[in-house]
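>>> from the sequence below, what's the structure:
(2 chains)
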Protein chains: 2
Amino acid sequence: MPERGRIGIFNRSYYEEVLVARVHKEVVDRQKLPDQLMTKKIWENRLEDMAAYEHYLARNGMATLKFFLNISKAEQTKRFLARLEIPQKNWKFSDADMKEREYWKDYMHAYEDAIRSTASVHAPWYVVPANNKWFARLIVAAATVELLENLDLAYPAVPNEKTAYLAEAKQVLLAEQAKK
Amino acid sequence: MPERGRIGIFNRSYYEEVLVARVHKEVVDRQKLPDQLMTKKIWENRLEDMAAYEHYLARNGMATLKFFLNISKAEQTKRFLARLEIPQKNWKFSDADMKEREYWKDYMHAYEDAIRSTASVHAPWYVVPANNKWFARLIVAAATVELLENLDLAYPAVPNEKTAYLAEAKQVLLAEQAKK
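Presented below is the predicted three-dimensional model:
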């Protein structure tokens, strides 16, 4: 997490623990959890822990926004084809993405459950229609600007003793300029 | 936190956030929380977040034990006097400890609330009578041994192909020994 006063942007996050790990059980197997913890409730438990964590962040003055960029399967088909047909886009095509596409429904189910279980006033989810890129960007930018404005931030006030020093510094600089 | 398979020992911990910070409000002031978060519920909220965190640890296979070494104010008087009277113990005497002693009641209240709010099956508190050092150590050791035994740990089993190699290695070593 970023330190107080800073902004952090997560491209992927701890939500992977209830998304790719949920769709591909072998990811969880590699985590070597004790057997008795590998129950049907594991996803519900993880989502509860994540919601609790975001509550903790809010109580410590962190403002959280979460975005799900929602594209349709047909739009993904179009984008993958473009990567195959346009030479300048070939580098973007990934075999792994192609394979993950087969789990579309499982991912949708995992996303839906994650979003429902962790949406809250202090850490809202924005499900952004993202087939159209400029529209998706507009939504994300607007939500971010709104949050920043609500934080009611201000530049630090200058203490009185420093005001005098600023006036002095200005005189020195003006005198220097007048000499030339 | 220690990585999976390791033991970590905390001498002081995140509980300081509801102990020294609660007794000395200026500690919280230095954390620069937004004003609207500085409410009367801050200690209740922090304790709730800590309990949630320990629940998260348990769900990830971490076994947690928490000990409060409970000494009486009279016993502290005795120990501080020993530090002043016995030259070999002078180095241990601290002016800060002497000052914190004035807040005894506030600390007791903070400890009591913290222990009550975070005691759970998966992360129990042990309030250990500690005027007598050997008795306190016995309690801590016994609780730790009990926990370790319940983990039902075992050395890794040797795979079949390695059993043959072990027998071979034994023959080589015995042959070498016979030569001398």
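>>> so what's the residue count around the residue of chain A found nearest chain B?
Residue nearest to chain B within chain A (C-beta to the nearest C-beta): residue A:52, separated by 3.7 Å. (Each C-beta comes from the backbone N, C-alpha and C, glycine too.) Other residues lying near residue A:52 total 18 when counted by other C-beta atoms under 10 Å in any protein chain shown.
>>> give me the contacts around the lengthiest helix in chain A.
Across chain A, the longest stretch assigned as helix under DSSP state H is helix A:160-179. Helix A:160-179 is contacted by residues residue A:158 when judged by C-beta atoms under 8 Å, 6 or more residues apart in numbering or on different chains.
>>> hmm, try it at 6 Å
Contacts to helix A:160-179, defined as C-beta atoms under 6 Å, 6 or more residues apart in numbering or on different chains, come from no residue at all.
>>> nearest spatial neighbour of residue A:97, chain-adjacent residues omitted?
Among residues not flanking residue A:97 along the chain, residue A:80 sits closest, at 7.2 Å (C-beta to C-beta, 6 or more residues apart in numbering or on different chains).
>>> and the helix or strand hosting that neighbour, what does it pack onto?
Following DSSP states H and E, one finds residue A:80 within helix A:73-85. Helices and strands touching helix A:73-85, as assessed by 3 or more C-beta pairs under 6 Å, 6 or more residues apart in numbering or on different chains; DSSP states H and E, are absent.
>>> quick one: mean pLDDT for that helix?
Averaging pLDDT along helix A:73-85 gives 92.
>>> what segments of chain A are strands?
With DSSP state E, the ranges of strands along chain A come out as A:66-70, A:125-129.
>>> interface residues of chain A facing chain B?
Counting by C-beta under 6 Å from any C-beta of the partner chain, the residues of chain A close to chain B are A:33-34, A:37, A:45, A:49, A:52, A:56, A:59, A:61.
>>> let's see 10 Å
Residues of chain A lying near chain B by C-beta under 10 Å from any C-beta of the partner chain: A:4-5, A:17, A:31-37, A:39, A:41-42, A:45-46, A:48-53, A:55-63, A:151-152.
>>> could you check how far the nearest residue in space to residue A:93 that is not next to it in sequence is from residue A:94?
Counting by C-beta to C-beta, 6+ apart, the nearest residue to residue A:93 once its immediate chain neighbours are dropped is residue A:83, at 4.0 Å. Noted for residue A:83: a distance of 9 Å to residue A:94, by C-beta to C-beta, to the nearest Å.
>>> swap in residue A:61?
Look at residue A:61 and residue A:94: by C-beta to C-beta, they are 39 Å apart.
>>> next one: residue A:19
17 Å.
>>> higher neighbour count, these two?
Higher neighbour count among residue A:19 and residue A:94: residue A:19, with 19 against 11, using other C-beta under 10 Å.
>>> so that one makes contact with residue A:114?
Yes: using C-beta atoms under 10 Å, residue A:19 is in contact with residue A:114, at 6.6 Å.
>>> check contacts around residue A:126.
Listed by C-beta atoms under 10 Å, 6 or more residues apart in numbering or on different chains, the contact set of residue A:126 reads A:65-70, A:115, A:119, A:136, A:139-140, A:142-144.
>>> so what pairs up with it in the strands?
Beta-bridge pairing for residue A:126 (DSSP bridges): residue A:67.
>>> just the pLDDT for it.
As predicted, residue A:126 sits at a pLDDT of 97.
>>> now the helices for chain A?
A:20-23, A:25-29, A:42-59, A:73-85, A:95-100, A:104-118, A:133-150, A:160-179.
>>> helices or strands next to the third one in the packing?
It refers to helix A:42-59. helix A:20-23, helix A:25-29, helix A:104-118, helix B:42-59 (3 or more C-beta pairs under 10 Å, 6 or more residues apart in numbering or on different chains; DSSP states H and E).
>>> can you do 7 Å?
Here helix A:42-59 touches helix A:104-118, helix B:42-59, going by 3 or more C-beta pairs under 7 Å, 6 or more residues apart in numbering or on different chains; DSSP states H and E.
>>> mean confidence score for the shortest one?
Regarding helix A:104-118, the rounded mean pLDDT is 97.
>>> got it, and stretch A:144-163?
89.
>>> can you check stretch A:91-98 too?
Summarised as a single mean, pLDDT over stretch A:91-98 is 89.
>>> how long is it end to end?
14 Å (C-alpha to C-alpha, to the nearest Å).
>>> swap in stretch A:19-36?
21 Å.
>>> hang on, the earlier thing: Throw the helices of chain A into JSON lines and include distance to residue A:13, thanks.
Supplementary listing: those in JSON lines, determined by distance: least, C-beta to C-beta, whole Å:
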{"stretch": "helix A:20-23", "distance to residue A:13": "12"}
{"stretch": "helix A:25-29", "distance to residue A:13": "15"}
{"stretch": "helix A:42-59", "distance to residue A:13": "9"}
{"stretch": "helix A:73-85", "distance to residue A:13": "21"}
{"stretch": "helix A:95-100", "distance to residue A:13": "17"}
{"stretch": "helix A:104-118", "distance to residue A:13": "11"}
{"stretch": "helix A:133-150", "distance to residue A:13": "15"}
{"stretch": "helix A:160-179", "distance to residue A:13": "41"}
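>>> closest one to residue B:76 among these?
For residue B:76, the closest of those is helix A:42-59, at 33.8 Å, according to C-beta to C-beta.
>>> how far is that closest one from where the chain is centred?
The chain centre lies 16 Å from the centre of helix A:42-59; the measure is C-alpha atoms, centre = their mean, to the nearest Å.
>>> may I see the buried residues of it?
A:42-43, A:45-59 (16 or more other C-beta atoms under 10 Å in any protein chain shown).
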